[in-house]
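In: model the structure of this input:
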Amino acid sequence: MALGLAVALYGLAAEATAQYADPTTQAHPVNVIDDQNRTISLPHPALRAITLSPHATELVYAAGAGAHLAGTVDSSNYPADAQALPRIGDGLHPDPERIVALQPDLLIAWLPAQAESLARPLAQLGTPLFYSNPAGLDSLPNAIVTLGRLFGTEETATRNATSLQQRLDTLRSRYRDAPPVRVFILVGSEPLYTLNGAHIISQAVELCGGINIFSTAPAAAPQVSPEAVLRAQPDIVLMSTQGLATLNGSRDIPSRHSDATTTLYGGQVMALDADLLYRPGPRLVDAAEQICQRLESIRANAQQQAGTRHLQPAP
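Out: Have a look, this model is predicted:
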């Protein structure tokens with residue numbers, strides 16, 4: 001479909017959109033601040049939005065506004081209802097013509113680079129662009145509340161955001177004084193890449209009483225050497241299941257595998273699904289809870305081993 005024709009279809013579809021729009025949601029304008037510190041103003045809560053990243057899709061559903069999504073990117077696969085949404089292409093290179101054809105009244109992007117190719121059609125349509133990039137764990141409940149305001153679903157959004165915040169507060173209280181566990185966050189293996197302490201995943205580790213062994217690295221995602229990792233003596237290596245599968249196919253790694261355990265760089269391995277671990281959405285709290293449980297297991301084992309050594313008779 002040509003871009004001009006798609007723009008024309010947008011005009012024809014405006015009346016159809018108004019027919020099923022809830023008049024009460026159109027009665028008040030909406031003003032929010034996005035994660036690029038930009039003010040986003042809508043004449044009424046959004047009715048037909050498109051998400052340009054899977055984490056934004058998950059946040060919209062958490063805000064109770066999944067029914068207002070008109071489309072999303074290929075990688076949006078959660079929740080199950082999202083899999084039925086029309087697709088507008090890859091998240092890094094969304095198709096402008098597909099977007100225009102879906103007549104959105106709001107686009108939710110992750111990074112400014114995503115929207116560069118959409119400048120012209122967005123200008124023609126006058127479609128507002130909201131950037132969603134939660135910088136920390138406590139930003140997730142706030143993000144849900146903000147999206148609730150954008151879609152007019154404040155009640156559901158507030159309820160879900162409160163529940164999420166309570167779970168974070170519970171973890172923070174439970175593990176605030178826990179003995180530290182040294183964690184290597186492995187995000188790339190050839191070459192080795194990790195994350196510094198500013199990243200939201202590192203915040204999840206710290207919430208559990210873990211220490212990111214490269215937290216003070218100046219770069220957000222620094223390249224590190226195997227020797228540096230070994231010198232740091234991690235108790236556990238946190239990575240994705242997809243990354244572990246890649247490592248299992250490599251022979252040139254300092255690891256040991258057995259039916260019961262996998263060790264890497266001297267530490268135990270914890271692998272979580274990449275979608276759960278790397279998306280800054282509500283399920284990252286699920287990942288944090290699992291990380292906390294695993295670190296607590298390491299503490300218990302260390303305490304048990306220390307007790308056993310204490311009980312052994314002197315030689």
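In: need the strands for the stretch 101-250 of the chain, in chain order.
Out: Using DSSP state E, counting those that start in this stretch, the strands of the stretch 101-250 of the chain run over residues 106-109, 129-131, 181-185, 188-189, 192-193, 210-212, 236-240.
In: so, low pLDDT: which residues of the chain?
Out: Applying pLDDT under 70 to the chain flags residues 1-27, 249-262, 307-315.
In: longest helix anywhere in it?
Out: Across the chain, the longest stretch assigned as helix under DSSP state H is helix 283-311.
In: just to revisit the earlier point, now the strands of the stretch 101-250 of the chain as a markdown table including mean neighbour count?
Out: All C-beta spots, glycine's among them, are computed from the backbone N, C-alpha and C. Output for those, formatted as a markdown table (neighbours: other Cβ atoms under 10 Å):
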| stretch | mean neighbour count |
| --- | --- |
| strand 106-109 | 25 |
| strand 129-131 | 21 |
| strand 181-185 | 25 |
| strand 188-189 | 16 |
| strand 192-193 | 17 |
| strand 210-212 | 23 |
| strand 236-240 | 25 |
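In: residues contacting Pro54?
Out: Contact analysis of Pro54 by Cβ atoms under 8 Å, 6 or more residues apart in numbering lists 72-73, 75-78, 91, 275, 279, 281.
In: then Ser225?
Out: Ser225 makes contact with Leu192, according to Cβ under 8 Å, 6+ apart.
In: one more: the one 3 residues further on?
Out: Contact criterion Cβ under 8 Å, 6+ apart gives no residues in contact with Ala228.
In: swap the cut-off to 10 Å and go again
Out: Contacts for Ala228 were tallied using Cβ atoms under 10 Å, 6 or more residues apart in numbering; they are 184, 192, 194, 213-214, 217, 222, 265.
In: try Gln83
Out: Taking Cβ under 10 Å, 6+ apart, one finds 72, 76-77 in contact with Gln83.
In: wait, is it part of a helix?
Out: Yes. Under DSSP: H, G, I helix; E, B strand; the rest coil, Gln83 sits within a helix.
In: ok, it to Tyr278 distance?
Out: Distance, Gln83 to Tyr278, using Cβ to Cβ, to the nearest Å: 19 Å.
In: and for Pro141?
Out: Distance of Pro141 to Tyr278, computed by Cβ to Cβ: 19 Å.
In: who has more neighbours out of those two?
Out: Of the pair Pro141 and Tyr278, Pro141 is the one with more neighbours under other Cβ atoms under 10 Å, namely 24 against 19.
In: ok, the more buried one touching Asn160?
Out: Yes. At 8.2 Å, Pro141 counts as touching Asn160 under the criterion of Cβ atoms under 10 Å.
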